[in-house]
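Chemist: sequence unknown, structure follows:
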């Protein structure tokens, strides 16, 4: 299924053409039928020879209703650009063409209507001008067909051309259902019913969805497309959605129904805009049209060129946006279009304007361009987040990651290989420098890399898995690092190893008399290095020997449901005092727990 739309100046015969094409009456409002002028969005359809249903959005052409026209065109796949032979190219013709360019809608055809009112030379002149203007703006040639509603002799030829146009459109699937609301109803006994164009993904009865900008959950209770009830709606099609768990008055034209993805509800997003005509950029309050939504927004230029600008947009009401979403900017009084834009960064609120302007230059309007831009902000990128916050599918993103030289550094997390290798090497070099300064246990935060906490943690876990870094009691240590003990330290360490191995008892600094102060510092350092564990009452014991005792206790409790302290003291072959110290440490390590005078394994 596909949905296309009409565009063109008022009274150029859009609705008359659709009556001939489909046999349906597009005008539905009494005022439209009385005046013969389309006011709001209307919808008709016809079935192609291959059985495919083609929906058509009929939009108003009068400048008073241009906001309705924008809402209708935003979600179509292709256009029928209609120019009357008697009037020729008119102001709203140009305005509608600008909207198509802004939305990236570049597939369509031209119809020169009212051909019965002019001679052949005039018809040829209007056709040539229309083809030239549309081709220049959209970047490739277009076919044009004459048409007369009075004598529609070539309607079958035009219908075939439309079918061929639609057959050549790219397939649309999408990983998540997305529908911008253009009409809202509250029929008796049905709750809230909305209509819109399902532009990507699917919706099924029973689906849980989220409504934006309200950011509230809802459930799909029923579906209808082209007056037929459905269990599942596929793109691209006109759909009526009956929603549950929604109060009347909650939704309006401009609301968004989203399944699967969670777009960013943004009040600050960075974007690239292209001007339709050269203009001086300064901080301006402009209407932003996206989907069927319209929001007054502060547009702040970050860097301006002759044909376009990088801007930060601050909508007065939060907007659900993704990187790659297209929008239209209009002048403050909605007199004319300013330019078309593409969202680049939906999460721009934490970045300074100068930093943002520099990073934005890495972007282009492709999956790889989006990924390259994101890699200027983050050392590593989760593919689920890339998918959630952009218009691109996971298959497209994965292909772009491979093409861009990104490697998987954690499950579903990717980094640009060269950049990641530089981070790894710098981290290891900084650790080595700190070791040389006498630090044997290093906190990740002490390594001087400009990384956010999430990226730093990811890098540390990667290095731990690689075996290049080891975790010690209170920090990190290079696996190859070996601290040299001075003669006194070496002598004490040998003595401690003997005490732990032969007598199985912990020590205190006070056990060493006049050297107690020096001994306490040494023992604490050995804890940081992971060689000792700290027991209660300032007792210390060897890590290796403690792990041996822990294995004995877990082995015993693995085959015995409980054990008393007395039983475990005998198992450990030590005094009750020391057994209690060991067992309390195991409780603190969440290996065992004490209840009703007996110990059990903590599962």
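Modeler: Cool, the structure landed. Fair warning: this is a prediction, and the values are worked out from it, not measured in the lab. Numbering: from 1, shown residues only.
Chemist: pLDDT below threshold where in the chain?
Modeler: Counting by pLDDT under 70, the chain contains low-confidence ranges at 32-37, 61, 173-175, 473.
Chemist: biggest strand in it by residues?
Modeler: Using DSSP state E, we find that the single longest strand of the chain is strand 293-304.
Chemist: Dihedrals phi and psi, the most centrally placed residue in the chain?
Modeler: Residue closest to the mean C-alpha point of the chain, counted by C-alpha atoms, centre = their mean, is residue 389 at 0.9 Å. With angles defined as degrees, to the nearest 10, residue 389 sits at phi -110, psi 20.
Chemist: From residue 311, how far out is it?
Modeler: In this structure, residue 389 lies at 19 Å from residue 311, with C-beta to C-beta, to the nearest Å as the measure. Every residue, glycine included, has its C-beta placed from N, CA and C.
Chemist: hmm, back to that, show me the residues around the residue nearest to the centre of the chain that make contact.
Modeler: 263, 264, 322, 323, 346, 347 (C-beta atoms under 8 Å, 6 or more residues apart in numbering).
Chemist: just residue 117 next, same as before
Modeler: Contacts of residue 117 (C-beta under 8 Å, 6+ apart): 85, 86.
Chemist: can you offset everything so residue one is 307?
Modeler: All set: I'll call the first residue 307, so the last point we hit is now residue 423.
Chemist: That one and residue 323: what is the separation?
Modeler: To residue 323, residue 423 is 14 Å away according to C-beta to C-beta.
Chemist: Please apply the same query to residue 824.
Modeler: Applying C-beta to C-beta to residue 824 and residue 323 gives a distance of 96 Å.
Chemist: can you check residue 770 too?
Modeler: 67 Å.
Chemist: More neighbours: which of the two?
Modeler: The neighbour comparison of residue 770 against residue 323 (other C-beta atoms under 10 Å) goes to residue 323, with 26 against 14.
Chemist: What is the neighbour count of residue 484?
Modeler: Neighbour count for residue 484, taken as other C-beta under 10 Å: 27.
Chemist: And for residue 519?
Modeler: Residue 519 is flanked by 17 other residues according to other C-beta under 10 Å.
Chemist: Shouldn't residue 595 be within a strand?
Modeler: Yes: the assignment for residue 595 is a strand, going by DSSP: H, G, I helix; E, B strand; the rest coil.
Chemist: show me the contacts for it.
Modeler: Residue 595 is in contact with 373, 376, 377, 380, 633, 634, 635, 636, counting by C-beta under 8 Å, 6+ apart.
Chemist: so how far is residue 635 from it?
Modeler: For residue 595, the distance to residue 635 equals 8 Å [C-beta to C-beta].
Chemist: returning to that earlier point: what subset of the contacts of residue 595 is buried?
Modeler: 373, 376, 377, 380, 633, 634, 635, 636 (16 or more other C-beta atoms under 10 Å).
Chemist: Tell me which residues touch the second one, please.
Modeler: Taking C-beta under 8 Å, 6+ apart, we find residue 376 in contact with 405, 595, 600, 634.
Chemist: switch the cut-off to 10 Å
Modeler: 365, 401-402, 405, 408-409, 593, 595-598, 600, 634, 636, 640, 643 (C-beta atoms under 10 Å, 6 or more residues apart in numbering).
Chemist: Nearest to residue 387 among those?
Modeler: The closest of these to residue 387 turns out to be residue 402 (C-beta to C-beta; 7.5 Å).
Chemist: immediately after the helix or strand where the closest one lies, which helix or strand?
Modeler: Assigned by DSSP states H and E, residue 402 belongs to helix 397-408. Sequence order places strand 414-419 as the next helix or strand after helix 397-408, per DSSP H and E.
Chemist: re earlier: can you check which residues contact both of residue 595 and residue 635?
Modeler: By C-beta under 10 Å, 6+ apart, the residues touching both residue 595 and residue 635 are 408, 643, 646.
Chemist: and the second one, what is it in contact with?
Modeler: Contacts of residue 643 were listed using C-beta under 10 Å, 6+ apart, and they are 372, 376, 400-405, 407-408, 581-583, 595, 634-637.
Chemist: Correct me if wrong: residue 676 contacts residue 682.
Modeler: No: assessed by C-beta atoms under 10 Å, residue 676 is found out of contact with residue 682, at 11.3 Å.
Chemist: More neighbours: which of the two?
Modeler: residue 676 (27 against 15).
Chemist: That one is in what secondary structure piece?
Modeler: Assigned by DSSP H and E, residue 676 falls in helix 673-683.
Chemist: Kindly report the same for residue 732.
Modeler: Using DSSP H and E, residue 732 sits within helix 723-742.
Chemist: Now do that helix and helix 673-683, the angle between them.
Modeler: Here the directions of helix 723-742 and helix 673-683 differ by 20 degrees (axes from the mean of the first three to the mean of the last three C-alpha atoms, to 10 degrees).
Chemist: Can you mark which positions in helix 723-742 are buried?
Modeler: 726, 729, 730, 733, 734, 737, 740, 741.
Chemist: Then stretch 559-574?
Modeler: Buried residues in stretch 559-574 (16+ other C-beta under 10 Å): 559-567, 569-570, 572, 574.
Chemist: Over to stretch 807-814?
Modeler: By neighbour count on 16+ other C-beta under 10 Å, the buried set for stretch 807-814 is 810, 812, 813.
Chemist: Could you save those residues as CSV and add columns showing secondary structure and distance to residue 485?
Modeler: Converted to CSV, those look like this (DSSP: H, G, I helix; E, B strand; the rest coil; distance: C-beta to C-beta, whole Å):
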residue, secondary structure, distance to residue 485
810, coil, 70
812, coil, 67
813, strand, 71
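Chemist: So which residues of the stretch 707-856 of the chain form helices?
Modeler: Using DSSP state H, counting those that start in this stretch, the helices of the stretch 707-856 of the chain run over residues 723-742, 759-772, 793-804, 822-834, 849-865.
Chemist: Check the offset of the longest one from the chain's centre.
Modeler: The one in question is helix 723-742. 31 Å (C-alpha atoms, centre = their mean, to the nearest Å).
Chemist: For that helix, which helices and strands make contact with it?
Modeler: In terms of contacts (3 or more C-beta pairs under 10 Å, 6 or more residues apart in numbering; DSSP states H and E), helix 723-742 is packed against helix 673-683, strand 712-716, strand 719-722, helix 759-772, strand 775-778, strand 781-784.
Chemist: Which positions in stretch 845-859 come out as buried?
Modeler: Of the residues in stretch 845-859, 845, 846, 847, 848, 849, 851, 852, 855, 856, 859 count as buried by neighbour count, 16+ other C-beta under 10 Å.
Chemist: Among the residues you listed, give me the pair with the biggest separation.
Modeler: Maximum distance among these (C-beta to C-beta): 19.2 Å, for 846 and 859.
Chemist: Quick one: end-to-end length of stretch 568-585, please.
Modeler: Taking C-alpha to C-alpha, to the nearest Å, stretch 568-585 runs 35 Å from one end to the other.
Chemist: Could you report the separation of residue 543 from residue 406?
Modeler: Distance from residue 543 to residue 406, by C-beta to C-beta: 21 Å.
Chemist: er, residue 484 I mean
Modeler: Counting by C-beta to C-beta, the gap from residue 484 to residue 406 is 20 Å.
Chemist: Is the closest residue to residue 411 other than its chain neighbours part of a helix or strand, or is it coil?
Modeler: Excluding the flanking residues, the one nearest residue 411 by C-beta to C-beta, 6 or more residues apart in numbering is residue 385, at 6.0 Å. Classification of residue 385 using three-state DSSP returns strand.
Chemist: Now do the contacts for residue 597.
Modeler: Taking C-beta under 10 Å, 6+ apart, we find residue 597 in contact with 376-377, 380-381, 484-488, 502-503, 505, 518, 559-562, 625-627, 631-633.
Chemist: Great, nothing more from me.
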